[in-house]
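Got a predicted structure plus its sequence, pasted below:
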Amino acid sequence: MKKNIKAVIACAGVLVLAGGGYAALMLTDNAPDTSSVSSSDEPIATTPSKILGYAKYDVLSISVKNNNGEYVCVSTSEKDDEGMPVFTIEGIEDLDINRTLIDSLTNSVSALGCDDVVEENAADLEKYGLANPQAEVSIKATADAKTLLIGNESPTSGETYCMIRGEKTVYLAATSSLAVFLNTKENFLSTALIEASSDGNNPVPEIITIDRKDLDYDIVLEYDDNTTESGNTSGTLATHYMSEPVFSYLDVQKSQNATQGFFGLNAYSALYAHPDKTQLEASGLSDPFCTVSMTTMEGDSHTIKIGNKLNVAEGEYYSVMLDDIDVIYAVSAENLCWATLTPGDITSKMIFGTFVWDISKLEINVNGGESVLFTGSGTSADDYELTKNGEKADAVRFQKFYQYLLKTSAEDFVIDEQPQGEPTVSIELETQDGTVNQTVEFYKADGKKSLIVVDGTPCFKCRTAYVDLLIENLAKFDTNEEFVMNW
C-alpha cells in the first residue's frame, strides 16, 4: 500500500516539490537486481557475530543518506532511565519524536548482526546493489568512524546485502534490522496526534465546530448539560446535540465519531516537518477546506485542519495539521468523519426529547380546529398533577398521548426550504426547570410531506399522515379510545 500511496502523491506532486515531502509516506521499495547472485553461494570465511558493534555512549552521530533524503541522528546531553544517552534527529528536535524508532536506529548501530559472509574481496559490487547503494550510514564515534553501505535484498527471504565502505567483504544482515536506515527524517516523528486516556475516561468535548468550504453554514455540536444530572430531561442517549445550523438531537450511534473521534486520533505518517509555503499550498493547508475546532469541559482545545485528499486503491487519506504543531500528516479518511459530515448523517429522528414528567406546559393549536393547553407539575406518575384547559385531567392518559409526540419522525433533513401559509399544527413545550422552551410547527409541503419548523427554523420533513393522525389523537384525549401510534 505504501508504494501505491507514494505513486499517487508523486503524480499529484508534480507539486513543484523537488524531493522529500510526500515520499515520507513510505520507505523505498525498489526491487533488487539479484539475477546474477546465486542463492547457493557458500560463505567463504568465518562469519562474525556483528557487522557493527558500537557502545551507545560512544556514538556521537549517525548520518543517513538514502533514496528518500538525508538526516542526522545525534546524541544529546540527556540520559535515559538506564543512564544511556538520548538521541534525536537534527532539524526536528522541537517536535514529538518516536522514541521507539530512534531506539531501533541506535540499536542497529550498536549491534547489527551478521547472518553470513557472502564474499570476501568482492570485485563486482553492482550485483549486490552496493555500487550504488540504497543507503549510506555514517557512524561517528569517540574512537573512529565507519560508513555502512546497504544494497539489494538477497534471494534469501529477509536478508539484505551490506558492507563497510573501504572494506571488500559483503555481508548478509536481517532486512528488518536495516530497514530503519531507509526512513526519512519525518518517519521519526510520532504519529499519535491526540492521545486517548489509558483508562478510557477521555476528556468531554464541550463544543465542536466544523467549518467547511462546501457548506454554507457551520455545524456546531454542544454538550448536553442534562446528561450529567440525575433527573435527565433528555429523551436521547447522546451526550451532545446540534445547535447549528439548526437545533436537533443526535443519534447516539451515528454521532459517536463526530463527538468522540478526537481522542486516539493517529496519522498514517508524517509528510513534512516544518513545511514551507510551497508544501502548505501543495497540501491544501495554506487555506484548508475543513477546520474542526474542539474545546473540552476542562478548557483544553484542539484544532484540526484538513487539506487535500489522497486517493489510492486501498483507501483515502487527507493532508492534516493539528493545533500549532508544525507538521503535515497523512491521516486516513476513515478517521476524519468531519471532512464529509452533513447534519442529516448524525441527527436523531426525534423532534421531542423531553421526559414526560418534566413538562410544565404543552400547548397545541390546530389550524381551524381546537386549541389545547396542558399544564403539569410533579416528578413521576405517582405525583404528577395535570390540567387540560384549566381543568384537572388524567396524567396517565397524557403520558400515552405524549408517547405519540415522541414518535414524531424527522425523516428528511432540510435547511433551504421556507414554510408556506399558516402552520397546520403548532406545539409549544416548556419544562418545569425552564431548561427547555421549544416551539414546533408543521406546515404542508409538496409530495404528501409536512415541513417541520423548530423554534422558527425549517429543519426537517415528515409524512403529512403523521400530522393528520396527531390531530385525530388529540381529539380522542377525553374519550376511552386508544391512541393510534402507527401511520
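Alright, I've got the coordinates.

Could you pull out the helices in the chain for me?
2-12, 99-110, 175-178, 256-260, 277-282, 343-346, 395-406, 464-475 (DSSP state H).

elements contacting the third one?
Okay, so that is helix 175-178. Identification of packing neighbours for helix 175-178 by 3 or more C-beta pairs under 8 Å, 6 or more residues apart in numbering; DSSP states H and E yields strand 112-113, strand 159-164. Every residue, glycine included, has its C-beta placed from N, CA and C.

how close does the residue nearest to the spatial centre of the chain sit to residue 133?
The centroid of the chain falls nearest to residue 335 when counting by C-alpha atoms, centre = their mean (3.2 Å). In this view, residue 335 and residue 133 are 37 Å apart by C-beta to C-beta, to the nearest Å.

what do you get for residue 74?
Counting by C-beta to C-beta, the gap from residue 74 to residue 133 is 22 Å.

more neighbours, these two?
Taking neighbours as other C-beta atoms under 10 Å, residue 74 and residue 133 compare with residue 133 leading, 23 against 16.

so what's that one closest to, chain neighbours aside?
residue 149 (4.2 Å; C-beta to C-beta, 6 or more residues apart in numbering).

Tell me the bridge partners for that neighbour.
Taking DSSP bridges, one obtains residue 136, residue 163 as the residues bridged to residue 149.

My guess is it contacts residue 165. True?
Yes. Counting by C-beta atoms under 8 Å, residue 149 does reach residue 165; the two are 5.7 Å apart.

any shared contact partners between those two?
Common neighbours of residue 149 and residue 165, counting by C-beta atoms under 8 Å, 6 or more residues apart in numbering, are residue 136.

Of these two, give the one with the bigger neighbour count.
More crowded of residue 149 and residue 165, by other C-beta under 10 Å: residue 149, with 23 against 13.

From residue 109, how far off is the more buried one?
Noted for residue 149: a distance of 14 Å to residue 109, by C-beta to C-beta.

Residue 125 too?
Using C-beta to C-beta, we find residue 125 at a distance of 22 Å from residue 109.

Next, please give the residue ranges for the strands of the stretch 51-200 of the chain.
Remark: strands assigned in the stretch 51-200 of the chain by DSSP state E, counting those that start in this stretch are 59-66, 69-79, 85-89, 112-113, 116-119, 135-141, 145-153, 159-164, 170-174, 192-194.

where in the stretch 101-250 of the chain is pLDDT low?
Scanning the stretch 101-250 of the chain for pLDDT under 70 picks out the ranges 227-237.

got a list of what residue 202 touches?
196, 260, 263, 264.

what do you get if the cut-off is 7 Å, keeping everything else the same?
196, 263 (C-beta atoms under 7 Å, 6 or more residues apart in numbering).

What about the closest residue in space to residue 396 that isn't next to it in sequence, how many residues nearby?
Closest residue to residue 396 apart from its sequence neighbours, by C-beta to C-beta, 6+ apart: residue 381 at 6.5 Å. By other C-beta under 10 Å, 12 other residues sit near residue 381.

Residue 431 versus residue 381, what's the distance?
For residue 381, the distance to residue 431 equals 17 Å [C-beta to C-beta].

Equivalent analysis for residue 308, please.
From residue 308 over to residue 431 (counting by C-beta to C-beta), the distance is 47 Å.

likewise residue 462?
For residue 462, the distance to residue 431 - C-beta to C-beta - is 23 Å.

what about these two, which has more around it?
Between residue 462 and residue 431, residue 462 has the larger neighbour count (other C-beta under 10 Å), namely 21 against 18.

these two touch, right, the more buried one and residue 448?
No. Between residue 462 and residue 448 there is no contact under C-beta atoms under 7 Å: 10.3 Å.

ok, now how distant is the spatially closest residue to residue 101 that is not a sequence neighbour from residue 280?
Leaving aside its sequence neighbours, residue 101 sits nearest to residue 188 (C-beta to C-beta, 6+ apart; 5.4 Å). Distance, residue 188 to residue 280, by C-beta to C-beta: 21 Å.

Those two: which is more packed in?
residue 188 (25 against 19).

re the thing from before, so what's the residue nearest to the centre of the chain up against?
Contacts here follow C-beta under 7 Å, 6+ apart; on that basis residue 335 touches 261, 265.

burial measure for the residue nearest to residue 53 when sequence neighbours are not counted, as a count.
Leaving aside its sequence neighbours, residue 53 sits nearest to residue 111 (C-beta to C-beta, 6+ apart; 6.1 Å). Per other C-beta under 10 Å, the neighbour tally for residue 111 reads 16.
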